[in-house]
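**Q** got a sequence here, can you model it:
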Amino acid sequence: MLIFSVFKTLTDQRVTVELKNDLSITGVLKSVDQFLNIRLDSINVLDEARHPHMMAVKNCFIRGSVVRYVQLPAEHEDATRRGTKFSCNESFQYLPVILQR
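**A** Take a look at the predicted model:
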């Protein structure tokens, strides 16, 4: 439920969602549920030449099972990282939150 909590704090922020079919959509996150279904408003497709049918779409609902990655705004990246210490003498390694199903 930690990932769900992070996404709830990102409401009304611009995020980029990469889908498993290689479609990347940037938009304003309006809602997310416990299944990580995402609703975006004011969307833009990153590769409009490959997906011209998406140019007329202004908002969308994305089923959580088709999401490959969610890119967070830069100011929120550090809040989602957790330190993992591998030994007493090594420094912390930070791992980004990656949503992969």
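**Q** what's the strand or helix carrying residue 69 packed up against?
**A** Using DSSP states H and E, residue 69 maps to strand 67-71. Contacts defined by 3 or more C-beta pairs under 8 Å, 6 or more residues apart in numbering; DSSP states H and E place strand 67-71 against strand 14-19. C-beta: built from backbone N, CA, C; applies to glycine.
**Q** buried set for the helix or strand just after the strand it packs on?
**A** As assigned by DSSP H and E, the chain's next helix or strand after strand 14-19 is strand 24-32. By 16 or more other C-beta atoms under 10 Å, the buried positions in strand 24-32 come out as 24, 25, 27, 28, 29, 32.
**Q** tell me who's in contact with the last one.
**A** In this case it means residue 32. Residues near residue 32 by C-beta atoms under 8 Å, 6 or more residues apart in numbering: 4, 7, 8, 10, 11, 38, 39.
**Q** now, of those, which are buried?
**A** With burial judged by 16+ other C-beta under 10 Å, the buried subset of the contacts of residue 32 is 7, 10, 38, 39.
**Q** just the ones in strands from the residues you listed, please.
**A** 38, 39 (DSSP state E).
**Q** please convert the buried ones among the contacts of residue 32 to a markdown table, extending it with distance to residue 45.
**A** Formatted as a markdown table, these follow (distance: C-beta to C-beta, whole Å):
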| residue | distance to residue 45 |
| --- | --- |
| 7 | 21 |
| 10 | 20 |
| 38 | 15 |
| 39 | 16 |
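**Q** identify, from the buried ones among the contacts of residue 32, the entry nearest to residue 17.
**A** residue 38 (6.1 Å; C-beta to C-beta).
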